[in-house]
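1. Fold the following, please.
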Amino acid sequence: MTTINPSLYRARRETLIKRLEGGLVVIPTAPEQVRNADAHYAYRFDSSFYYLTGFDEPESILVLQAGENGQVNHILFCREKNLEREIWDGYRHGPEMAKEVFLFDEAYPIEYFSEKLKELLKGQSQLAYPIGEDSAFDQLLLGTRKKLIPSVERTGEDVPHQIVDVVPVVAQMRLIKDETEVRLMQTAADISAAAHVRAMKYAKPGVYEYQVEAEIIHEFMHAGARSPAYGSIVAGGANACVLHYVTNRDVLKDGDLLLIDAGCEFEGYAGDITRTFPVNGKFTSPQKDLYQLVLDSQLAAIQEVAPGKGVRDAHFVALKILAQGMIDLKLLTGSLDEVLEKETYRQFYMHGTGHWLGLDVHDCGRYKKGEAWTSLTPGMVVTVEPGIYVRPAPEVPEAFWNIGIRIEDDVLVTESGQRVLTANAPKTVSELESLIQASR
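-> Just a heads-up that it's a prediction; the model follows:
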């Protein structure tokens, strides 16, 4: 269960209903997913539902009902207390305890939702819910509304005539992290950084990628982060040129680089770090040239994370440095303007330089509205992760073949500029070589 004060979740719910200017809000949590036969995957709640409730049990629905004079009725539907099932599956709050702990005005068993929905819809002119995310839920809400229309026409009561997608409204709220969220994200970043350091000390020629992954997961769990925020990438040698490599089954070889993209989830919030380092503790000259290029681009890009800057500004700064470096190292030919205009750099750098970070590793929120990029505001958190990936090709100098490098940090926008949450993970050439060699 979350350690956040429940009053914060209630305040978020009040803010949401104000932004929607009243009406009825209905947000379900995520369903349980079957892994095989009667075994389920480890349960993970819907991020927006959790952001508004702090409630982490499945089979739950949040309802906010606007009343007169700005009053809001906070309602939770959840599983009933069931001592028999608790023997098998663990503790359940049940409606009464959930109401008390999570500061709801009303709470009911989840089985009552369909019947209660009829009364909840009456008298409301607007219905806001996650449109299109679950066709069965769409059908339940809209079908119930449709059945009510003949009766409310006779009685003169209102029924929602405006249907609103609640997702972008919650996303806009989630985009700005409050002090509590920043604290949790700093913890996630610290645990993730410690896991990367542990991996750097452990990795060596002859060790398997999955064994390094095991060290990372051990550090996560030992520190109280029970899950990775996403599938860990542990990619040695040529595997690092596969952007989302998660097979993690090959043996590490002397002379190769190891790219690790891994972050923990702590109380719902994600850490996201990538580091690349030499398995034997010493960069070769070509590896060092490429690595320093990526690091220089990342350091410059981080400086572009500041209030008033566009969310994409960091990418364009990193891109220019990387493209010029590709020219200088004979990976590409032509002028910088030509390389950028023709996008020939995409042979070696084919992704963006970052994304929003929060309850989801690729967190919600607009990057662009119309032609304008979103301006950065204090409280936003982004990743900054340039890279370079050199696959064998006829025109490519062989010394660079099968080198994949990415360097990623989590960066908080502050009033004065930025703060790197993941600064505890070393990344300069000298830091990496010293740490790895000292561990041998």
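2. where in the stretch 51-200 of the chain is pLDDT low?
-> 153-154, 156 (pLDDT under 70).
3. Now do the contacts for the closest residue to residue 56 other than its chain neighbours.
-> Nearest residue to residue 56, sequence neighbours excluded (C-beta to C-beta, 6 or more residues apart in numbering): residue 45, at 5.0 Å. Any C-beta I mention is one placed from the backbone N, CA and C, and that applies to glycine too. Counting by C-beta atoms under 8 Å, 6 or more residues apart in numbering, residue 45 touches 29-30, 55-58, 268.
4. Do you have the helices of the stretch 201-350 of the chain handy? List them.
-> In the stretch 201-350 of the chain, the helices defined using DSSP state H, counting those that start in this stretch lie at 209-222, 285-302, 313-328, 336-342.
5. about what we covered before: now the contacts of residue 45 as TSV including secondary structure, neighbour count and distance to residue 412?
-> Written out in TSV, the entries for the contacts of residue 45 read as follows (DSSP: H, G, I helix; E, B strand; the rest coil; neighbours: other C-beta atoms under 10 Å; distance: C-beta to C-beta, whole Å):
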residue	secondary structure	neighbour count	distance to residue 412
29	coil	23	28
30	coil	17	27
55	coil	22	27
56	coil	17	25
57	coil	20	30
58	coil	19	32
268	coil	22	17
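6. quick one on the thing from earlier: adding mean pLDDT, write the helices of the stretch 201-350 of the chain out as CSV.
-> Compiled in CSV, those are given as follows (pLDDT from 0 to 100):
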stretch, mean pLDDT
helix 209-222, 98
helix 285-302, 98
helix 313-328, 98
helix 336-342, 98
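7. for these, which one sits closest to residue 5?
-> Distance to residue 5, taken as C-beta to C-beta, is lowest for helix 209-222 among the helices of the stretch 201-350 of the chain, at 25.3 Å.
8. buried stuff in that closest one?
-> Of the residues in helix 209-222, those with enough neighbours to count as buried (16 or more other C-beta atoms under 10 Å) are 209, 211-217, 219-220.
9. what about the residue nearest to residue 56, is that helix, strand or coil?
-> State at residue 45, reduced to three classes by DSSP: H, G, I helix; E, B strand; the rest coil: coil.
10. pLDDT wise, what is it at?
-> Turning to residue 45, the model gives it a pLDDT of 98.
11. and the closest residue to residue 269 other than its chain neighbours, what is it in contact with?
-> Here the nearest residue to residue 269 in space, its sequence neighbours aside, is residue 184; by C-beta to C-beta, 6+ apart that works out to 4.5 Å. With contact set as C-beta under 8 Å, 6+ apart, residue 184 has these partners: 4, 266-269.
12. does residue 117 really touch residue 137, like I thought?
-> No. Using C-beta atoms under 8 Å, residue 117 is not in contact with residue 137; the gap is 10.9 Å.
13. for the one helix or strand residue 136 maps to, packing partners?
-> Secondary structure assigned from DSSP states H and E places residue 136 in helix 135-155. Packing contacts for helix 135-155, counted by 3 or more C-beta pairs under 8 Å, 6 or more residues apart in numbering; DSSP states H and E, involve helix 113-121, strand 126-129.
14. picking that back up, what about the residue nearest to residue 56, distance to residue 32?
-> In this view, residue 45 and residue 32 are 10 Å apart by C-beta to C-beta, to the nearest Å.
15. between those two, what contacts are shared?
-> Both residue 45 and residue 32 are contacted by residue 58, under the criterion C-beta under 8 Å, 6+ apart.
16. Perfect, that will be all.
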